[in-house]
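Student: using only what follows, build the 3D model:
(chains A and B)
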Amino acid sequence: MTGRRPVGPAGPGPGSGEGAAFSVIGKRNRKVDGRRKVTGQSIFTDDLQPARLLHGKILRSPHAHARIRSIDTRRAAAHPGVHAVITGRDLPVAYGIIPWTRDEYPLAIDKVLYVGDGVAAVAADDERTAEAALALIEIDYQVLPAVLTVEDALAHPENQVNTFSAKGNVSKQVRLTFGDVEGGLAGAEVVVEDTWFHAGSTHAAIEPHCAVGDLGADGILTVHSSTQVPHYLHRELSRVLELPIDRIRVIQPAVGGGFGGKSEPFDLEFAVAKLSCLTGRPVKILYTREEVFAAHRGRHPMLMTYQVGARRDGMLTAVKARILIDGGAHSSFGLVTTYYSGQLLGAPYRLPAYEFDSTRVFTNKPSCGPKRGHGSVQPRFAFECALDMLAERVALDPIELRRRNVLGADTRTVNEFRVTSNGFLECLAGVERASGWKEKFRQLPFGRGVGVAGSTYISGTNYPIYPNEMPQSAVQLKVDRSGRVTVFAGVSDIGQGCDSVLAYIVAEELGVALDSIRVVTADTDLTPVDLGAYSSRITFMAGNAAIAACAGVKRRIQDAMAQAWSVPPGQVRLADGFATAPGTPSHAVPIAEAFQAAEARFGTLGGVGSYNTPKDVHGSYRGATIGASPAYSFSAHVAEVEVDDQTGQVRVKKIWVAHDCGRALNPMLVEGQMEGSAAMGFGEALFEEQPYDERGLHRGPSLLDYPLATTLDTPELESIIVESGDREGPYGAKEAGEGPLHPSIPAIANAIHDAVGVRLTRLPFLPPRVLAALETRRQAGLSWKGRR
Amino acid sequence: MLPLPPIRYLAPKRLRDALELLEQGGRGRTAPDGDGAQRRGPVLPIAGGTDLVPNLKHRLLDVELLVDLTRIEEPHLRGVREVAGHLHVGALTSLAAAAADPLLRQRHPTLAGAYRQIGSPQLRNMGTVGGNLCLDTRCTYFNQTAFWRAALGHCLKRKGTTCHVVPGARGCVAACSSDGAALLTALGAEARVEGVAGDRWIPVESLLQSEGRRHLALLPGELVTELRVPAAPPGRRAAYEKLRMREAIDFPVLSVAAVADLAPGGACRSLRVVVSALSARPRVVTGLGDLVEGRPLDDAALERVAAQAYRQCHPLANMTADPAWRRAMVPVLVRRALRRAMEAR
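Tutor: Numbering: from 1, shown residues only, chains lettered A, B, ... in the order given. Predicted coordinates for the structure are as follows:
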């Protein structure tokens, strides 16, 4: 199914073996945790059953917006089997993942902001007792008017949702202009303008959030959590619990999916920590699925108006966007989201002039945050649909229109981001060829069609969430005379495979068999800091840190063997479990013997490596750093659809997914990310939305009602890996986990247009919406492919 | 996660013992508690549990004792067999077994096909034919957690006084969501109902009632133990169309069962069209005799039937799928069902 199409000499990035054959890198190796996962041996947070474990539950608000007049917990506290009850007053320190917008409490103090907002928590002998105790907590609410829409939030600043907001219900506003936008639009020969709506979506990871807090007799508080940001959790626990950070240990066990939904602290982590401190016993809280929907932090609903100007030859002249963002009750990552909604559109096309005006507002709904493709999936949907309209207006093939406007490699975007490697043209060519585009576009019969879209995404954010000059990622190695290497890293494997990637890199660098690598990650007592699994940063950053950590160890081993064999150190090769001096067959020893020789000569072996981003990759205007990345991935999709014009049902037959990941360190994992991304985007295109009723009640907070696509719905997916070889990525690698989601949605929208001649601007493309659009076209007397 | 309430559990081997347990619960413990919910007492039968267990976690039912039916040894509760030309299907037959049963697939391929469309492989392995027929009515305001329903203010079906689907309604309009129910109604199937006091056969059409809180015409303690599907005459044409959002898992948002019997020349002897996923009871489209009987089921006839169904069927906002769209889909599905039926065999 997969063709790898290398672009030029892949792999100019850091890492040994340049120009040489790799032993591990680029091979379809097993994941290091794969066999344990599929046989049920992996330990997830809810698998932890420490002795004397108590079970916690959180009482949640049934109101979307209400003042808490009083809380009486006495009956609950007196209930047999209950060990502790806490309320917001017990944890009165506001927190927030972004240090400038700390606007939430672990448990509500004066006011609840959405249905499901936590108010109190209990620890009891078992879950059922805890649940019974919740029913005994008496709360006197004064119900307030609920603000449920963006329009309402802006029209009624007096109904303030989040009282930390400086300005009514505005969470963040960003307006940035690059180049002569008005001139570019005025001088355009064609201007396309329309408004698109992305309804938002949630992550729906299989594993619900879970945390276990355990205050030891030594005064050390250990929190196990299904988080994807152990380091940020560590810091926030210290702040909120007002405990010294060196008394807290955060451990992330195996995680059953994150997708951005576990990338900030949640109420349960603070609650288990506090309840354990009060009881001296370990306390566990496992969310129900409904609580996962309330915790949310999913994709923001965005209402987006774009004006796109171009010349008759399809060359873009200017782009102008106005975006309204529904943030829910808290800021979460919203400051970043608001920037990303505009800043990440600067590639893969050259925009001569660009302006965006994005406003995020607070509403009385669960907070939105980062979901795979954070902040840029929605604008990408709108913009790639606009490009399709533009191609139609200037009578150009939509792939050709995109090709003409390609940004290229080793350049800067209109908003001054440095772009290094760029395989976007190869992505376009790959999907054009594989899909049979030229034979299909406008050639398929009515009801069937193909659509194309492109995108770009970051390989990590250039700056940490809290300003500091320290490395963003680090790796420590313990190199053992048995021939075994243990890799210690703070990274969060949430299923994407970063533990495996570190093992591949260290195995490659030190010539150790993959089975001889142990990876210890995400334990703040044992592992050096990594910022976490977000913004597609780990392969790029921790990968470089791992290469750096290996360098010194490798040199010492080479020196030791060079001395033993009387050859220059550069001629000692470490690969496939052996140290050799190529050309001299007698000079070959198992790698353990080489380690022993080095240990004898230099003492105990070990290594430390770290990575920090280059600081010259963005402009100097306010906000210029947000969205800047050391490298960018590129993607292009072609989707083929069938539309039932009687029911409005859309069937996506196939998506061809081309992605420039720089270099595939393991093509199997890259394909997994490409297919998973494309499938997730497909689900957002056809099925997913988050409807709330007039009370602010989610209409279906369950996996029966929230329609994740099943395997029967999911189209056939064909992955085409493009390797542009980034000079700063490990072996040339860039990200693959988020970029390939973006083009799914607009490619499907554009394919629906090719199939039946209607432009859908509101997600998801539910049958009633498709049917209504078809009816509008019929009533307008328009025909498409000969059909009225 | 959502804990189950504390429940006692018994698994008798004899049907008689199960019926006695159910009857005692039904008779002795149905204290009227004024919440208007359907109550057959705090003793409930469980077979596959695919619907009951989530409903118990959501606290949609009160139960003190679950009587597991799956250990009952009486043979008529299991499997498909032929008796005097009619097919008998035991209520404990799994949906997967029914879907794969050679006899059922040969005699009533449409019914086997409908069972194959239910849920997912795992749900079909656990779920039973009897449980599917007796499936509780479903509603977007009812099939939610206890927390959710409390935030809503409860509803007519349980603990509340208001219907959120039809404000002011006095009856519950939760939807029949059983794929089997619509088709069994169209096929003229009967259900064997056994209780301590007796053993009777009633048409499926009469078993299913229009009140969403009491959608089964069962006395306290009674069980559906088997189904009888009458022999299909020569010239039988049948089809089932299920509209749903996804290709698996989902309950129907609309379904149409069509059963036509044709004379050798192709003229229609009789036609039954049943539309379901509307409210508690599948709707048998009436007045079709005058429209089609004695004439071929050609395109013009299909249009007349589709229009008749459209006039009589009014999907409600008891699920999140748009009711206006679902209504517009009634004639589309009727046409498709009839075309498919005519193409079959």
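
Student: double-check that A:Val272 belongs to a helix.
Tutor: Yes - A:Val272 forms part of a helix when assessed by DSSP: H, G, I helix; E, B strand; the rest coil.

Student: for it, which non-adjacent residue is closest in space?
Tutor: The shortest distance from A:Val272 to any non-neighbouring residue, by Cβ to Cβ, 6 or more residues apart in numbering or on different chains, is to A:Gly213 (3.4 Å). Just so you know, the C-beta spots here come from the backbone N, C-alpha and C atoms, and that holds for glycine as well.

Student: secondary structure element for that neighbour?
Tutor: Using DSSP states H and E, A:Gly213 sits within strand A:210-215.

Student: what's downstream of that strand, the next helix or strand?
Tutor: Heading C-terminal from strand A:210-215 (DSSP H and E), you reach strand A:221-225.

Student: now do the same contact list for the nearest residue to B:Val165 once chain neighbours are set aside.
Tutor: Leaving out its chain neighbours, the residue that sits closest to B:Val165 by Cβ to Cβ, 6+ apart is B:Asn318, at 4.6 Å. For B:Asn318, the contacting residues are B:138-141, B:165, B:173-175, B:279, by Cβ atoms under 8 Å, 6 or more residues apart in numbering or on different chains.

Student: from these, which is closest to A:Pro230?
Tutor: Nearest to A:Pro230 among those is B:Thr140, at 38.6 Å by Cβ to Cβ.

Student: the closest one - how many residues pack around it?
Tutor: Using other Cβ atoms under 10 Å in any protein chain shown, B:Thr140 has 20 neighbouring residues.

Student: part of a strand, is it?
Tutor: No - judged by three-state DSSP, B:Thr140 forms no part of a strand; its state is coil.

Student: the longest helix in the chain is where?
Tutor: Unless you meant another one, I'm taking chain A. Ranked by residue count and defined by DSSP state H, the top helix of chain A is helix A:538-565.

Student: that's the wrong chain, I wanted chain B
Tutor: Chain B, longest helix under DSSP H: helix B:323-343.

Student: ok, now which ones touch residue 101?
Tutor: All of this is about chain A. Applying Cβ under 8 Å, 6+ apart, the residues contacting A:Thr101 are A:164, A:171-172, A:331, A:334-335.

Student: sorry, should have said chain B
Tutor: B:79-80, B:93, B:112.

Student: where's it relative to chain A, distance?
Tutor: From B:Asp101 across to chain A, the span is 23 Å (Cβ to the nearest Cβ, to the nearest Å).

Student: residue in the stretch 51-200 of chain B with the shortest distance to chain A?
Tutor: B:Ala151 (3.6 Å; Cβ to the nearest Cβ).

Student: quick one: that residue is in a strand?
Tutor: No - counting by three-state DSSP, B:Ala151 is not part of a strand but helix.

Student: which ones are touching it?
Tutor: When contacts are counted by Cβ under 8 Å, 6+ apart, B:Ala151 touches A:62-63, A:115, A:695, A:697.

Student: one more pass at 7 Å, please.
Tutor: A:62, A:115, A:695, A:697 (Cβ atoms under 7 Å, 6 or more residues apart in numbering or on different chains).

Student: now the first one: which helix or strand?
Tutor: Using DSSP H and E, A:Pro62 sits in no helix or strand.

Student: give the next helix or strand downstream of whatever helix or strand A:Ala453 lives in.
Tutor: Assigned by DSSP H and E, A:Ala453 falls within strand A:448-458. Downstream of strand A:448-458, the first helix or strand assigned by DSSP H and E is strand A:473-479.

Student: pull the residues that contact the helix or strand just after that next one.
Tutor: Following strand A:473-479 in sequence order, the next helix or strand is strand A:485-489 (DSSP H and E). Applying Cβ under 7 Å, 6+ apart, the set of residues contacting strand A:485-489 from outside is A:475-479, A:502-503, A:506, A:510, A:512, A:516-521, A:526-528, A:530, A:542, A:546.

Student: pull out the buried members of those.
Tutor: A:475-479, A:502-503, A:506, A:510, A:512, A:516-517, A:519, A:521, A:527-528, A:530, A:542, A:546 (16 or more other Cβ atoms under 10 Å in any protein chain shown).

Student: that concludes my questions; thank you for your assistance.
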